[in-house]
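**Q** I would like the atomic coordinates for the input below:
(one chain, ligands or ions: 2)
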Amino acid sequence: MTTLRYLTAGESHGPALTVIIEGIVAGLPITAQQINEQLARRQKGYGRGGRMAIEKDQATILAGIRGGKSLGSPISLQIQNRDWTNWQEIMSPQEDAKVEERQVTCPRPGHADLPGAIKYGHRDMRNILERSSARETAARVAAGAVARRLLAEAGIHIYSHVLSIGGVASTTEQDLYNQATAGKIQWEDLQVQADASPVHCSDKEAEKSMIAIIDQAKAQGDSLGGIIEIAAVGLPVGLGSHVHDNRRLDSEIAGAMMSIQAIKAVEIGAGFESARLPGSAIHDPIYYHEEKGYYRRSNRAGGIEGGISNGEPLIVRIAMKPIPTLYQPLDTVDITNGQPVKASVERSDTCAVPAAAIVAEAQLAIVLAQALLKSTGGDRLEQILERVQQMHCQAKNF
Ligand SMILES: Cc1cc2nc3c(=O)[nH]c(=O)nc-3n(C[C@H](O)[C@H](O)[C@H](O)COP(=O)(O)O)c2cc1C
Ligand SMILES: C=C(O[C@@H]1CC(C(=O)O)=C[C@@H](OP(=O)(O)O)[C@H]1O)C(=O)O
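**A** Ligands and ions are numbered 1, 2, ... in the order given. Down below sits the predicted model:
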């Protein structure tokens, strides 16, 4: 069984982020430009703070790719932090680093500052925030870009859009995914529209209200979360398994989504709605067509039954909490003297929901590539692709 794994390293204001991806088969065409396109998508989005004006994320390929194709060896990627030049004396690994500067001693409610400091015994909570920062998601998106190249070869594509920000919800956006699921509009067109929108939502009316509410939150020193929907199409039947807890595709997806900084809830298909309705209104009746094989006319299961992909589009929704750093900070306690104070203010985003959508696409790509490699085995791309074709044929002719 081929396993795909990855490991990131890097502090937010350190010299660079690094990611090593192991388990990508040989022969996968992949370029730095394709990785950089995904990194650029993550950097867009209305409501981000000053840092995004400093960074221009680009991946340097250090290992595992030669002549535009994967070798089968671990792939190593690096993304420079341009902001490092402003932090090198403070963040230096050398003993003479100016660690007494920019110390954080007033923990921000909602961030990892206090529990992290207590756990690791750091009196300067910068030692926690540097790694708990979602800067690390750039490395995940780079890994996800490699995974999505593999998926694309196998005919699997991933899309996302924003459904709501700070409670301002689009009334039509959800319907677009329903129409795409029903084959009435193209998924690609939807993605182009979402990518062109500053809030990653194709509903222009909702976009205006979302921008207005972000502006308002910023003016008030507040922050906002929101809801994102992610879809994967082209999956063969049979990714994941019902036989063991950690082989269920839905459990792997939920874990990956919850691993994204500030994501607090995950739904697959009808999700929480399915608790409200009777079985007759929730489960998707099964039909058979000579050309298509088995299919559904609805997709409330969101493409997974029994922990296994059923061939329908995979639909995942996630909720992001508001950014914890507030320019009008909440009450906290100064850990140097136990006195009540206002929380530390670090340069911060007001809303990062559009960026989190791209991170969620990357996480989904990684989980699906892992599941694909587990089901297909193989060491080279053509072996994977042959097996995927076989899976499609077997499902159709079952
Ligand atoms: C793309 C992205 C950007 C973020 N930007 C900020 C930020 O500027 N300031 C901040 O305090 N938190 C930001 N966050 C959220 C924190 O990283 C997150 O709230 C923190 O890790 C604690 O969340 P947790 O309890 O889910 O781990 C961002 C999250 C994401 C996904
Ligand atoms: C750097 C990124 O996001 C950062 C995530 C983040 C946090 O606390 O999570 C805090 C901010 O960092 P800084 O204080 O350096 O501006 C964000 O900018 C990024 O997405 O690349």
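
**Q** and whichever helix in the chain runs longest, what does it pack onto?
**A** Counting by DSSP state H, the longest helix found in the chain is helix 353-376. Using 3 or more C-beta pairs under 8 Å, 6 or more residues apart in numbering; DSSP states H and E, the elements in contact with helix 353-376 are helix 32-43, helix 137-153, strand 157-165, strand 226-233, helix 249-258, strand 314-320, helix 381-396. Any C-beta I mention is one placed from the backbone N, CA and C, and that applies to glycine too.

**Q** what angle do the helix or strand of the chain with the lowest mean pLDDT and strand 314-320 make?
**A** Every helix and strand of the chain was ranked by mean pLDDT, DSSP states H and E. The lowest is helix 173-181, at a mean of 85. Relative orientation of helix 173-181 versus strand 314-320 (axes from the mean of the first three to the mean of the last three C-alpha atoms, to 10 degrees): 160 degrees.

**Q** pull the distance from helix 173-181 to the chain's centre.
**A** 20 Å (C-alpha atoms, centre = their mean, to the nearest Å).

**Q** now swap in stretch 60-67 and tell me
**A** 23 Å.

**Q** show me what counts as buried in that stretch.
**A** Within stretch 60-67, the residues scored as buried using 16 or more other C-beta atoms under 10 Å are 61, 64-65.

**Q** go on, stretch 235-254?
**A** If you call a residue buried by 16+ other C-beta under 10 Å, then stretch 235-254 has these buried ones: 235-241, 248-254.

**Q** average pLDDT for that stretch, rounded please.
**A** Stretch 235-254 comes out with an average pLDDT of 97.

**Q** send the alpha carbons of stretch 204-218 over as CSV?
**A** Extracted C-alpha coordinates of stretch 204-218, given in CSV (Å, rounded to 0.1, in the frame of the first residue of the first chain):
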residue,chain,number,x,y,z
LYS,A,204,-22.3,39.8,-6.7
GLU,A,205,-25.0,41.1,-4.3
ALA,A,206,-23.7,39.1,-1.4
GLU,A,207,-20.2,40.1,-2.3
LYS,A,208,-21.0,43.8,-1.7
SER,A,209,-22.6,43.1,1.7
MET,A,210,-19.7,40.8,2.7
ILE,A,211,-17.2,43.6,1.8
ALA,A,212,-19.2,46.1,3.7
ILE,A,213,-19.4,44.0,6.8
ILE,A,214,-15.6,43.3,6.7
ASP,A,215,-15.0,47.1,6.4
GLN,A,216,-17.3,47.7,9.3
ALA,A,217,-15.5,45.0,11.5
LYS,A,218,-12.1,46.5,10.6
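
**Q** returning to that earlier point: remind me what the least confident helix or strand of the chain packs against, helices and strands.
**A** When contacts are defined as 3+ C-beta pairs under 8 Å, 6+ apart, helix 173-181 packs onto strand 157-165, helix 187-196, strand 226-233.
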